[in-house]
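A.B. asks: Would you be able to build a 3D model of this:
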Amino acid sequence: MSDDPLLRCSDVVVTFQQKQTRTTLTAVKSASLEVGRGQIVGLVGESGSGKSTLARAVVGLQRIDSGSIVFDGKPFAARRRRADRRGVQMVFQDPYGSLDPRMTISGTLTEMIRRHTALRGSAVDKRCHELMDMVRLPSSLLTSRPAGMSGGQRQRVAIARALSISPKLLVADEPVAALDVSVQAGIVNLLADLREEVGLSILFISHDLSIVRTLCDRVNVIYRGEIVEEQPCAELFAAPRDEYTKTLLAAIPRIGGPRAGR
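C.D. replies: Residues are numbered from 1 along each chain as shown. Below is the predicted model:
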């Protein structure tokens, strides 16, 4: 563990009240994880494991019941300040659902920039062009709307929007799961490049361990709301300690392996 991580979650608990059964569901159970400065840290687990709930808690979209979330040396309060929201931004799984279909890409970026920065006039236009360049999209798409773009292009726009206010941490919640396999690698490579180019730290949530293996420095494995293992990426894949992690690794498709039904 680092002495000065960018993000430190300590014993975070998130519960939901189920009205029909009048019971309490604990979605995240005393979960602790860290993201170092300039690191890409994976959070992996099957559907329903609590990884997206923990991700939403990190960005302030989900209230926590107990524990703490410390960002850049300061604990987050229950109600996030605007400065807190600028420091952590999120990219969601469905790029089409996260973008306003009525707005052009220029409008989407401009709205974010004007709301959270002091840039105005031509400086906003310049920033929009810079962001398109950062995510490897032509500036000609600034006049387009989401419906006229591919899934990969929409996700790059979503990343550009998140980067528009220069966050220190990007929380990427299954950012390639809704994309064709042919374009997934481009988004993964883009995230790796952004870490190097702008010093971005990333919490990368996924159920796809093959992608995590190519991208992440460290990996946290979550099972039924609990972090059951945390290791450097190479060590986790070489020598997993927890039985659940071993089960996840055994399910990764391998080229040349036996085919189903044979």
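A.B. asks: show me where the stretch 101-250 of the chain has helices.
C.D. replies: Under the criterion DSSP state H, counting those that start in this stretch, the stretch 101-250 of the chain contains helices at 105-116, 122-134, 151-163, 181-198, 209-215, 233-238, 243-250.
A.B. asks: From Gln89, how far out is the spatially most central residue of the chain?
C.D. replies: By CA atoms, centre = their mean, the chain has its centre lying nearest to Ala172, at 1.4 Å. As for Ala172, its distance to Gln89 is 10 Å (criterion: CB to CB, to the nearest Å). Just so you know, the C-beta spots here come from the backbone N, C-alpha and C atoms, and that holds for glycine as well.
A.B. asks: What of Arg120?
C.D. replies: Counting by CB to CB, the gap from Arg120 to Gln89 is 21 Å.
A.B. asks: Pull the contacting residues for the spatially closest residue to Pro101 that is not a sequence neighbour.
C.D. replies: With sequence-adjacent residues excluded and distances taken as CB to CB, 6 or more residues apart in numbering, Pro101 is closest to Pro146, at 5.3 Å. Pro146 makes contacts with Pro95, Tyr96, Leu99, Asp100, Pro101, Ile105, Arg154, Val157, as judged by CB atoms under 8 Å, 6 or more residues apart in numbering.
A.B. asks: Of the residues you listed, which is the most crowded?
C.D. replies: Neighbours here mean other CB atoms under 10 Å. Within these, the largest count is held by Ile105, at 27 neighbours.
A.B. asks: unless I'm mixing things up, it is touching Thr143, no?
C.D. replies: Yes - using CB atoms under 8 Å, Ile105 is in contact with Thr143, at 7.5 Å.
A.B. asks: any low-confidence regions in the stretch 151-262 of the chain?
C.D. replies: Residues of the stretch 151-262 of the chain that meet the criterion pLDDT under 70 lie in 253-262.
A.B. asks: still on that earlier bit, how about the contacts of Pro146, which pair is most distant?
C.D. replies: Tyr96 and Ile105 (12.9 Å; CB to CB).
A.B. asks: quick one on the thing from earlier: was I right to think the residue nearest to the centre of the chain contacts Leu203?
C.D. replies: Yes - proximity of Ala172 to Leu203 meets the contact threshold set by CB under 8 Å, at 7.0 Å.
A.B. asks: sorry, back to before: now do the residue nearest to Pro101, the pLDDT please.
C.D. replies: Pro146 is assigned a predicted lDDT (pLDDT) of 94.
A.B. asks: Distance check, it against Gly107.
C.D. replies: In this structure, Pro146 and Gly107 are 11 Å apart, going by CB to CB.
A.B. asks: anything in contact with each of the two?
C.D. replies: Asp100.
A.B. asks: Can you lay out the helices of the stretch 101-250 of the chain as CSV showing distance to Gln62?
C.D. replies: Output for the helices of the stretch 101-250 of the chain, formatted as CSV (distance: least, CB to CB, whole Å):
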stretch, distance to Gln62
helix 105-116, 21
helix 122-134, 27
helix 151-163, 18
helix 181-198, 23
helix 209-215, 22
helix 233-238, 26
helix 243-250, 23
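A.B. asks: Deepest in the core, which of these is it.
C.D. replies: helix 151-163 (a mean of 23; mean count of other CB atoms under 10 Å).
A.B. asks: residues near Asp65, how many?
C.D. replies: 14.
A.B. asks: Return the residues in contact with it.
C.D. replies: Val13, Val14, Thr15.
A.B. asks: Wasn't the first one part of a strand?
C.D. replies: So the one you mean is Val13. Yes - assigned with DSSP: H, G, I helix; E, B strand; the rest coil, Val13 falls within a strand.
A.B. asks: what are the bridge partners for it, then?
C.D. replies: As for beta bridges, Val13 partners with Ser66 under DSSP bridges.
A.B. asks: for the closest residue to Met103 other than its chain neighbours, phi and psi?
C.D. replies: Excluding the flanking residues, the one nearest Met103 by CB to CB, 6+ apart is Arg145, at 7.0 Å. Dihedral pair for Arg145: phi -110, psi 160, per degrees, to the nearest 10.
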